[in-house]
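Participant: give me coordinates for this.
(one chain, ligands or ions: 1)
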Amino acid sequence: MNVAAWLAKAESFLEEREVPEARASAEFLLGDVLGVGRASAASRGLQDLSEKQGYRFWRHVKERGRRLPIAYILGWQPFLGLRIEVTRDSLIPRPETEELVIECERLIQASQVPAPKIVEIGTGTGCVAIALAQLIPSATVFATDVSDQALALAQKNAIALHSHQRIRFVREDLFSGRPGLRGWADLLVSNPPYIPTADLDDLEPEVLMEPRLALDGGKDGLVAIRAIVAVAPKMLKPGGFLALEIESRQGPAVSQLLHAAGFEGVLIKKDASGRDRIAVARVVENA
Ligand SMILES: C[S@@+](CC[C@H](N)C(=O)[O-])C[C@H]1O[C@@H](n2cnc3c(N)ncnc32)[C@H](O)[C@@H]1O
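Facilitator: Reported below is the predicted structural model:
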């Protein structure tokens with residue numbers, strides 16, 4: 001059977017199962033099987049798939065039919081041009097988080113600190129820590145998570161992307177703070193779990209396949225953010241920055257939390273879709 005026929009069959013199979021963007025999903029999955037991009041796969045209509053390719057493609061399509069996200073099926077997700085391995089132990093890196101990283105790079109460049117020290121809370125796949133280590137070659141990064149599986153994956157990604165020598169991955173609960181890092185960091189960055197618990201059930205089936213630990217922000221979605229705002233002044237140097245990814249409705253509440261904690265220069269920045277997404281603030285004195 002040729003590519004055009006396989007794609008048509010996959011599209012109708014996925015449509016029957018109400019998979020969003022069925023055609024695009026099929027093209028991505030076929031691209032992986034052929035070792036090419038989505039557009040190139042779609043343009044090979046008359047090319048026949050070998051038996052092995054057809055078997056592999058259809059196994060992917062059946063997984064997608066069960067609403068498994070494409071990144072989990074393929075086992076990786078691009079993030080700022082990096083190939084980040086993902087498993088079901090980790091959140092799939094999002095484009096909004098690429099914007100968080102770019103904002104962090106901007107803050108560090110503007111502050112002109114020669115060898116910046118960065119702490120990331122909740123590293124997941126390690127995508128933020130690794131991208132920052134690559135964008136800021138003079139930086140040292142200390143990245144935490146409470147999930148051993150996520151930390152093992154982050155370490156694996158850092159090794160694969162040759163960044164492991166400048167990142168230390170540590171199992172650490174953000175609620176504890178870390179006495180050894182008192183006044184250590186020039187930047188504390190986090191994309192914490194921030195979805196209100198009651199909203200979790202309304203999420204797309206794909207998102208519900210991601211670890212709850214990475215999503216659930218407690219009753220109002222702000223439990224982890226409050227904890228980070230409380231520990232950040234202890235971990236940051238005077239003048240150090242805090243940068244947080246937030247949910248689009250949390251801008252005013254997070255701004256209030258940061259002001260109440262004594263931060264200066266509080267800014268809520270919008271993402272590419274025009275929604276509140278990143279909170280930035282600066283510590284004036286150590287707590
Ligand atoms: C939204 S995910 C972010 C993952 C990754 N940094 C990214 O941006 O794609 C939040 C991460 O925080 C971790 N986490 C949850 N509770 C935590 C806690 N109390 N202390 C440290 N990390 C925690 C989760 O395991 C998860 O990896």
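Participant: from the chain's centre, how far out does the helix or strand Q134 falls within sit?
Facilitator: Secondary-structure assignment from DSSP states H and E places Q134 in helix 127-135. Here the centre of helix 127-135 is set off from its chain's centre by 11 Å, with C-alpha atoms, centre = their mean, to the nearest Å.
Participant: which strands or helices does the helix or strand just after it pack on?
Facilitator: Following the chain from helix 127-135 toward its C-terminal end, the next helix or strand by DSSP H and E is strand 140-145. Contact here means 3 or more C-beta pairs under 8 Å, 6 or more residues apart in numbering; DSSP states H and E; on that basis strand 140-145 packs against strand 117-121, helix 127-135, helix 148-160, strand 167-171. In this view, the C-beta of every residue, glycine as well, is placed from N, C-alpha and C.
Participant: any idea how far A129 is from R59?
Facilitator: In this structure, A129 and R59 are 33 Å apart, going by C-beta to C-beta, to the nearest Å.
Participant: please say which of these two ends up with more neighbours.
Facilitator: Counting neighbours by other C-beta atoms under 10 Å for A129 and for R59 shows that A129 has the greater number, 29 against 13.
Participant: right, and the helices and strands packed on strand 140-145 - which one's nearest A281?
Facilitator: Of all those, the one in closest proximity to A281, counting by C-beta to C-beta, is strand 117-121 (14.8 Å).
Participant: ok, the closest one: who's next to it in the sheet?
Facilitator: When pairing is defined by DSSP bridges, strand 117-121 lines up against strand 140-145 (parallel), strand 185-190 (parallel).
Participant: the ligand: which of those is closest?
Facilitator: Counting by C-beta to the nearest ligand atom, the ligand lies closest to strand 140-145 out of the strands paired with strand 117-121; the figure is 4.7 Å.
Participant: how about stretch 9-19: buried residues?
Facilitator: Neighbour-count burial for stretch 9-19, counted by 16 or more other C-beta atoms under 10 Å, picks out 10-11, 13-14, 19.
Participant: would you map out the domains in the protein?
Facilitator: What the record gives for the chain is the domain set 3-66, 77-282, from automatic domain parsing.
Participant: could I get these in TSV, plus columns for mean pLDDT?
Facilitator: Converted to TSV, the domains of the chain look like this (pLDDT from 0 to 100):
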stretch	mean pLDDT
domain 3-66	94
domain 77-282	95
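Participant: okay, these, which one's buried deepest?
Facilitator: Burial of the domains of the chain is given as mean neighbour count (mean count of other C-beta atoms under 10 Å); domain 77-282 ranks first at a mean of 19.
Participant: how long is that domain from one end to the other?
Facilitator: Across its full length, domain 77-282 reaches 32 Å end to end, with C-alpha to C-alpha, to the nearest Å as the criterion.
Participant: distance between it and the chain's centre?
Facilitator: Domain 77-282 has its average C-alpha position 8 Å from the chain's average C-alpha position, going by C-alpha atoms, centre = their mean.
Participant: is the ligand within reach of that domain?
Facilitator: Yes - judged by C-beta under 6 Å from any ligand atom, domain 77-282 and the ligand are in contact via 91, 93, 97, 121-125, 127-128, 144-147, 150, 173-175, 191-193, 213-214.
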